[in-house]
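> take a look and give me a structure for this.
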Amino acid sequence: MPSRYLLLLVFLFTMCASVPKQTTTKLPRVEDLSLDEKVGQMFVHAGHGYFSGDSGWRYRDILRQVETNRIGGFIWFQSNVFETAWLTQKAQAASKIPMLISADLEAGIGMRFLDTTYWPTAMAVGATGDPKLAEEQGRITAREAKVLGINHIYAPVADVNVDPANPVINARSYGEDPEAVGRFVAAFIRGVQSEGVLATAKHFPGHGDTHTDSHRSLPVLSVDRTRLDQVELVPFRAAVAAGVASVMIGHLAVPALDKTPVPIRDHAESTHENPYATPSAEVTLDGSVPATLSRVIIEGLLRNELGFRGLIVSDAMDMGGLVAHYTAGEAAIQGILAGQDQILKSPNTDAAVLAVKEAVRSGRISEARIDQSVRRILDAKGKVGFAVGSMDEIFRTIDRKEHRAVATDIARRALTLLREEPGVLPLRKDARVMILSVSDFDEVANPLPDFARETASRLTMKPSVFLLDSRSPEEDAAPVLEAAQNTDIVILALGIRARSGAGHMLLPDVAKRAIAAFPPNVKRIAIAFGSPYILQSVPTLPTYIAAYGPQPVLQVAAAAAIFGEAPITGRLPVTIPGFYSRGSGLTR
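Residues are numbered from 1 along each chain as shown. Have a look, this model is predicted:
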């Protein structure tokens, strides 16, 4: 092929490979918008950034939401990197008004985007004791988000994790000390917003002392106002002082603030709108109105008392804590009346948009109330960019070496050694090792593969690896106990963690019995790749390390630490009742 044709092909490929940039950044005035446009601005529709052709349903749904409902934003859940960039660019190009594009990025880009670094949990960051790391994480997360066209991050979590059994927040919180949590929250916000991206403090007024998962049913925070001021509200005050751009309201009842009874919806009617399949027995029957729909909490407390003037976002409106009590339309209407600016992830965006429009036409919602929110939305949009990076920019920015190094540093500094059996650490490379991974979910494979691989790579003899999870019958423990007879060290990789919508966080009984039956001469190292509180279920373990999450960077860091390749310096940011107080930790 002649060289000139080859050069032409390279040029054409480069042009096609570049993601076109959105250049329309001029924002309209509220007065220039129709009612349809104003109502649409208040809705954020959910999607997944997977490949879709021009006629594919995923792409057609995006266009319909933009062109018909005039929505003001999208939120991306689990997605691929380049597909998200392309779909975001197409959505922005189709929209008359530039959109806020969001994602839950509490633990970096990898929390939602496949094959990128999933950063350590907030509690792991808290265990380092260094808020500067939270700020750097926020800065890097925002920098990577921007090239994908994401300009609104739903993080940080400002909840103070007081309840050890909290099944939804837990290690997503920086810890149990309100002031310390506030410092980390403010630092993360500074990092994100230094990059021209909006940060969001969540879940107001505080989801850290609840034992119910709001994805499944409505939690009730049964504390008085004095306690709220001393604990839950402290990090949110810090967030407001740090200039946080938006606050997310949680689906939780707080009777001390608003005693209005919550209605109970027909369960059969609500089932098809609830992706978490909450059984009727779990529905909260004696709760008060959720904070999401409480004007007392939103306008009275957040706006008037805390002085917050930014954007107020609902938590996902398809969660069980809401759909068990309200239809999509009624929830949106009451949320707006209460003071919400953005209605996030309605279970039926079409029905909710129509219901709000009708409520305005009937006079139930004044158009002036809509205008208030749209002004705040446009003001927020005026602070961000809407461009999507080229494929080359994305390639050079996402998951770059320098960014991974910060995530690795956090992981290494987070590891917390709470107890140590003499002579166990550092682990000898010639030891006979068995690794038992434990999960409280049905797993199709080892849920902690990086730890098993990294550990095996350091040993002279290949370790035996087993998995016990919530589906394991009693007979699955037999080969585990048999292998333990010829083992020097059993490493318990405890992957018990909070998962949204699960509603539980328990060590399976089959695993608990197997651990108790290990031969007395076999030494044991337990690593909690999730909730540090799981020690309460296996209190006699002689060596216990808290890693605070299953993220690969934490798995790799834990493997290096047990072989003595890196120091262990983390400090427990919560109390494990009956065992260890906040600040505990051995240095090795």
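
> the helix or strand residue 75 falls within pairs with which strands, and in what direction?
Assigned by DSSP states H and E, residue 75 belongs to strand 73-76. Using DSSP bridges, strand 73-76 pairs in its sheet with strand 43-47 (parallel), strand 100-103 (parallel).

> report the backbone C-alpha coordinates of the shortest one in PDB.
Written as PDB, here are the backbone C-alpha positions of strand 100-103 (Å, rounded to 0.1, in the frame of the first residue of the first chain):
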ATOM      1  CA  LEU A 100     -25.300  17.300  34.900                       C
ATOM      2  CA  ILE A 101     -23.800  13.800  34.500                       C
ATOM      3  CA  SER A 102     -23.200  12.000  37.700                       C
ATOM      4  CA  ALA A 103     -22.000   8.800  39.300                       C
END
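
> show me the contact partners of it.
The contact list for strand 100-103, computed with C-beta atoms under 8 Å, 6 or more residues apart in numbering, reads 44, 72-77, 88, 91-92, 111-112, 145, 148-154, 198, 342, 377, 380-381, 384. For the C-beta atoms, the positions are set from N, CA and C on the backbone; glycine is no exception.

> please repeat the previous calculation with a cut-off of 6 Å.
By C-beta atoms under 6 Å, 6 or more residues apart in numbering, the list of residues contacting strand 100-103 from outside reads 73-76, 88, 112, 149-152, 154.

> what's the answer for the first one, then?
In this structure, residues lying in contact with strand 43-47 by C-beta under 6 Å, 6+ apart are 65, 71, 73-75, 342-345, 349.

> one more time with 8 Å
By C-beta under 8 Å, 6+ apart, strand 43-47 touches 58, 61-62, 65, 69, 71-77, 87, 100, 102, 313, 316, 332, 342-346, 349, 352-353.

> quick check on those: which are buried?
Buried members of the contacts of strand 43-47, scored by 16 or more other C-beta atoms under 10 Å, are 62, 65, 69, 71-76, 87, 100, 102, 313, 316, 332, 342-346, 349, 352-353.

> checking my notes, residue 429 in a helix, right?
No. Per DSSP: H, G, I helix; E, B strand; the rest coil, residue 429 lies outside any helix segment and is coil.

> wouldn't it be in contact with residue 459 here?
Yes. Using C-beta atoms under 8 Å, residue 429 is in contact with residue 459, at 5.8 Å.

> so those two - more neighbours on which side?
Of the pair residue 429 and residue 459, residue 459 is the one with more neighbours under other C-beta atoms under 10 Å, namely 17 against 11.

> per-residue confidence for the more buried one?
With respect to pLDDT, residue 459 has a value of 98.

> how far away is it from residue 67?
The gap separating residue 459 from residue 67 is 59 Å, by C-beta to C-beta, to the nearest Å.

> do a quick rundown of the helices in the stretch 151-300 of the chain.
For the stretch 151-300 of the chain, the helices defined by DSSP state H, counting those that start in this stretch cover 178-193, 225-230, 233-241, 267-271, 295.

> deepest in the core, which of these is it.
Mean neighbours per residue, mean count of other C-beta atoms under 10 Å, is largest over these for helix 178-193, with a mean of 25.

> just checking, what packs against that helix?
Helix 178-193 sits against helix 122-128, helix 131-147, helix 233-241, with contacts defined as 3 or more C-beta pairs under 8 Å, 6 or more residues apart in numbering; DSSP states H and E.

> looking at these, which is buried most?
Counting by mean count of other C-beta under 10 Å, helix 122-128 has the highest mean neighbour count of the helices and strands packed on helix 178-193, with a mean of 29.

> roughly how far is that one from the heart of the chain?
15 Å (C-alpha atoms, centre = their mean, to the nearest Å).

> use 262 as the first number for this chain going forward.
Got it, the first residue is 262 from now on, which makes the last one we talked about helix 383-389.

> which other helices and strands contact it?
Applying 3+ C-beta pairs under 8 Å, 6+ apart, one finds that helix 383-389 contacts helix 392-408, helix 439-454, helix 662-675.

> what's the angle between the longest one and helix 662-675?
Taking axes from the mean of the first three to the mean of the last three C-alpha atoms, to 10 degrees, helix 392-408 and helix 662-675 form an angle of 150 degrees between their directions.

> pLDDT (mean, whole number) over helix 392-408?
98.

> what angle sits between that helix and helix 439-454?
30 degrees.

> got the CA coordinates for helix 392-408 in CSV?
The C-alpha trace of helix 392-408 is given here as CSV (Å, rounded to 0.1, in the frame of the first residue of the first chain):
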residue,chain,number,x,y,z
PRO,A,392,-7.3,13.7,55.6
LYS,A,393,-4.8,14.8,52.9
LEU,A,394,-5.2,11.4,51.4
ALA,A,395,-9.0,12.0,51.2
GLU,A,396,-8.4,15.3,49.4
GLU,A,397,-6.0,13.7,47.0
GLN,A,398,-8.5,10.9,46.3
GLY,A,399,-11.2,13.4,45.6
ARG,A,400,-9.0,15.4,43.3
ILE,A,401,-7.9,12.3,41.3
THR,A,402,-11.5,11.0,41.2
ALA,A,403,-12.8,14.2,39.8
ARG,A,404,-9.9,14.5,37.3
GLU,A,405,-10.7,11.0,35.9
ALA,A,406,-14.5,11.7,36.0
LYS,A,407,-14.1,14.8,33.9
VAL,A,408,-12.7,13.1,30.9
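
> now for it, which elements pack on it?
Secondary-structure packing of helix 392-408 (3+ C-beta pairs under 8 Å, 6+ apart): helix 383-389, strand 413-414, helix 439-454, helix 652-658, helix 662-675.

> okay, the ones you listed in JSON lines with mean pLDDT next?
Output for the helices and strands packed on helix 392-408, formatted as JSON lines (pLDDT from 0 to 100):
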{"stretch": "helix 383-389", "mean pLDDT": "98"}
{"stretch": "strand 413-414", "mean pLDDT": "98"}
{"stretch": "helix 439-454", "mean pLDDT": "98"}
{"stretch": "helix 652-658", "mean pLDDT": "97"}
{"stretch": "helix 662-675", "mean pLDDT": "98"}
